[in-house]
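[1] Return a 3D structure for these sequence lines:
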Amino acid sequence: MKRVMIVGQPGSGKSTLAREIGRRVGLPVFHIDHIHWSSGWIERSRQEKTRLCQEVHAREEWIFEGGHSATWPERLARCDTLIWLDVPIHVRLWRVFLRSLQYRGRTRPDLPDGCPEQIDWSFYRWIWSTRVASRVQIERLVAGAPGDKAIFRLQSASEIRMFLARLPESSGTLLSCPAQPLVPRR
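    Numbering: from 1, shown residues only. Model (predicted):
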């Protein structure tokens with residue numbers, strides 16, 4: 001485990017999982033929100049986001065969580081491990097609401113400085129309106145992943161805890177992985 005790609009919809013726990021894996025195995029963590037946004041909630045240009053993603057992909061080791069799907073093919077080609085957090089919509093919306101309250105007026109660790117958390121109803125509407133199309137896009141990504149990737153589809157907090165329990169502290173490798181892939185191949 002040297003290059004880990006984590007995907008999932010908003011509120012699925014990508015940032016939290018990335019930080020915990022990074023802490024356990026000693027890999028650097030990169031959050032897409034640091035690439036997507038600059039201070040003051042200013043969205044970077046598509047070209048700049050692509051360039052910054054490519055800089056992360058070129059590194060020898062990383063945990064990279066999040067979107068900018070235009071760069072997913074390159075990220076998938078470089079990763080050795082793909083984790084899909086496929087969490088139900090009601091759980092995701094609740095988590096986004098809780099983090100909005102927890103960090104209200106402050107910047108979360110997965111965001112650049114100057115992006116204070118707020119309750120943004122348009123973001124909730126976007127999460128709801130993209131719930132099907134975004135999930136289908138991730139399903140296609142996972143289904144098309146090369147056979148040499150370790151793939152994990154985690155759908156609940158208990159599955160995430162079990163996954164983390166298999167990770168050794170600071171060795172950079174997984175302990176015993178399940179014999180069967182967690183995501184069926186098509």
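[2] all helices in the protein, in order from the N-terminus.
    14-25, 32-36, 46-57, 72-78, 89-102, 121-129, 131-143, 157-165 (DSSP state H).
[3] Could you point out which of the ones you listed sits nearest Cys115?
    helix 32-36 (7.8 Å; C-beta to C-beta). Every C-beta, even on glycine, is put in place using the N, C-alpha and C of the backbone.
[4] Could you check how far the closest one is from the centre of its chain?
    11 Å (C-alpha atoms, centre = their mean, to the nearest Å).
[5] for it, packing partners?
    Under the contact criterion of 3 or more C-beta pairs under 8 Å, 6 or more residues apart in numbering; DSSP states H and E, helix 32-36 touches helix 46-57.
[6] which other residues reach the helix it packs on?
    30, 32, 35-36, 44, 62, 64, 68, 70-71, 74-75, 78 (C-beta atoms under 8 Å, 6 or more residues apart in numbering).
[7] ok, so of those residues, who is nearest Val91?
    Using C-beta to C-beta, the contacts of helix 46-57 come closest to Val91 at Ile32, 20.3 Å.
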